[in-house]
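Undergrad: Return a 3D structure for these sequence lines:
(one chain, ligands or ions: 1)
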Amino acid sequence: MIQINHVSKRFGELEAIKDVTFSVPKGSIYGLLGSNGAGKTTLMKMIAGIYKQNKGTITIDGEPIFENIKQKERIIFLPDALYFFPHTTIRQMADFYRHIYPKWNEERFYKMQELFPINMNQKIHRMSKGMQRQVAFWLTFSAMPDVLILDEPLDGLDAVMRQKVKNILFQDVAEREMTVVISSHNLFEVEDLCDRIGILHHGSLIIEKEIDNLKTNIHKVQVAFHGQAPSSFFQQMDVIYKEYRGSVLLCIVRGKEEEIIAHIQKHDPILFDLLPLTLEEIFIYEMGGKGYAIENILI
Ligand SMILES: Nc1ncnc2c1ncn2[C@@H]1O[C@H](COP(=O)(O)OP(=O)(O)OP(=O)(O)O)[C@@H](O)[C@H]1O
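TA: Modelled structure (predicted):
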């Protein structure tokens, strides 16, 4: 279990993370979302023990992580910009990982050659960006971390390789209860991978929910009336966005599905549809509610 408790982080005058609290249960996948510069990488670097928070506590299975070698041997942080030692081969990097990570699994490393079709004696710096990312996953999965922190993890991988990596990730979460934190701007991927998400905005956690719960409380409504929508239509409904497309009114509404349907039907619409939102749409409208400009992007 990763526990983040009232954590703040400053860079000089900038408060990059402001009083953030959440937890990630063992054996689950947590998606960290947010606009550019929201603080995702900073938070992940603190969870990985690379940065020290100015306030609050971060623990993994009850123990603080910063400068804790025993804990760090259980964690791997895969940054968006990968780093390998210059001129090393995959085999040489694997030998390095074997000394660093006590749970390194040499048998798994060899077995994964079938999944990552790259010669292990090839020099990594000569490989393409996507191949280097494959190597990073190959080494990471062979190191058998208990906690895996992934910053924009699947960038640069082709569709087949993305699926292979996701399968191993799911397998490690299900079979050995690996705990994963992922940050990504690809919300379709996050939706597919994560059990729970947190949205960061200007360093604060503005939403923190299970993906399934997130979707049950926000809906897209398409409705039309004879003439304009009656003013009472907007009362008693938590409309977070609205836009007219000709005579059709498109709204994003917070609330329970059955209550929204009952309210709308009371107003005798000539057309009415209630549609689910994708995670990408939820992200856009929730961010809109926090002052992030979203005009005319209803999809
Ligand atoms: N080492 C640092 N020194 C000073 N400021 C920093 C440092 N690292 C990050 N910041 C600042 O902290 C804020 C959060 O940055 P961070 O990289 O955590 O955002 P992010 O959510 O990962 O963004 P993106 O989605 O664009 O990658 C930004 O304003 C950034 O300029």
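
Undergrad: quick one: the strands in the protein?
TA: 2-11, 14-24, 29-34, 55-60, 63-64, 75-78, 147-151, 179-183, 196-201, 204-210, 218-224, 238-245, 248-254, 271-275 (DSSP state E).

Undergrad: ok, is the second one in contact with the ligand or not?
TA: When you say that, I think you mean strand 14-24. Yes: contact of strand 14-24 with the ligand (CB under 6 Å from any ligand atom) involves 14, 16. Backbone N, C-alpha and C define where each C-beta goes, glycine included.

Undergrad: Show me which positions of that strand end up buried.
TA: Within strand 14-24, the residues scored as buried using 16 or more other CB atoms under 10 Å are 15-18, 20, 22, 24.

Undergrad: coming back round to it: nearest to residue 113, out of the strands of the chain?
TA: Smallest distance to residue 113 across these (CB to CB): 19.9 Å, for strand 75-78.

Undergrad: contact partners of the closest one?
TA: With contacts defined as CB atoms under 8 Å, 6 or more residues apart in numbering, strand 75-78 is touched by 44-45, 48-50, 60, 65, 101, 136-137, 140, 143, 145-151, 153.

Undergrad: Go again with 7 Å.
TA: By CB atoms under 7 Å, 6 or more residues apart in numbering, the residues outside strand 75-78 that reach it are 44, 48, 50, 136, 140, 143, 145, 147-151, 153.

Undergrad: thinking again about what came up before, mind giving me a markdown table with the strands of the chain and columns for mean pLDDT?
TA: Formatted as a markdown table, the strands of the chain follow (pLDDT from 0 to 100):
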| stretch | mean pLDDT |
| --- | --- |
| strand 2-11 | 97 |
| strand 14-24 | 97 |
| strand 29-34 | 94 |
| strand 55-60 | 96 |
| strand 63-64 | 94 |
| strand 75-78 | 96 |
| strand 147-151 | 96 |
| strand 179-183 | 96 |
| strand 196-201 | 92 |
| strand 204-210 | 89 |
| strand 218-224 | 92 |
| strand 238-245 | 87 |
| strand 248-254 | 90 |
| strand 271-275 | 91 |
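
Undergrad: can you tell me which of those strands comes nearest to residue 120?
TA: strand 75-78 (19.0 Å).

Undergrad: Is there any residue in the closest one that contacts the ligand?
TA: No: residues of strand 75-78 are not located near the ligand by CB under 6 Å from any ligand atom, the shortest gap being 12.9 Å.

Undergrad: hmm, back to that, in CSV: the strands of the chain, plus distance to residue 131.
TA: As requested, these are exported to CSV (distance: least, CB to CB, whole Å):
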stretch, distance to residue 131
strand 2-11, 31
strand 14-24, 30
strand 29-34, 25
strand 55-60, 31
strand 63-64, 36
strand 75-78, 15
strand 147-151, 18
strand 179-183, 21
strand 196-201, 30
strand 204-210, 35
strand 218-224, 40
strand 238-245, 42
strand 248-254, 42
strand 271-275, 40
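
Undergrad: Briefly note if stretch 143-151 comes near the ligand.
TA: No: using CB under 6 Å from any ligand atom, stretch 143-151 stays clear of the ligand, with a minimum separation of 7.3 Å.

Undergrad: For this protein, just list every one of the helices.
TA: 40-47, 69-72, 90-100, 106-111, 129-142, 159-176, 187-193, 211-216, 231-234, 257-265, 279-289 (DSSP state H).

Undergrad: just those helices: most buried one?
TA: helix 40-47 (a mean of 22; mean count of other CB atoms under 10 Å).

Undergrad: mean confidence for that one?
TA: Helix 40-47 shows an average pLDDT of 96 in the prediction.

Undergrad: Strand 204-210 and that helix, what's the angle between them?
TA: Angular relation of helix 40-47 and strand 204-210 on a 0 to 180 degree scale: 80 degrees, by axes from the mean of the first three to the mean of the last three CA atoms, to 10 degrees.

Undergrad: could you check the angle strand 196-201 makes with helix 40-47?
TA: Going by the same axes, to 10 degrees, helix 40-47 makes 120 degrees with strand 196-201.

Undergrad: hmm, helix 40-47 touching the ligand?
TA: Yes: under the criterion of CB under 6 Å from any ligand atom, the ligand is reached by helix 40-47 at 40-42.

Undergrad: Within range of the ligand, give me the residues from this structure.
TA: 11, 14, 16, 34, 36-42.

Undergrad: Any chance of those residues in TSV with distance to residue 74 as columns?
TA: Shown next, in TSV, are the residues of the chain next to the ligand (distance: CB to CB, whole Å):
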residue	distance to residue 74
11	27
14	31
16	26
34	26
36	30
37	30
38	27
39	24
40	22
41	21
42	21
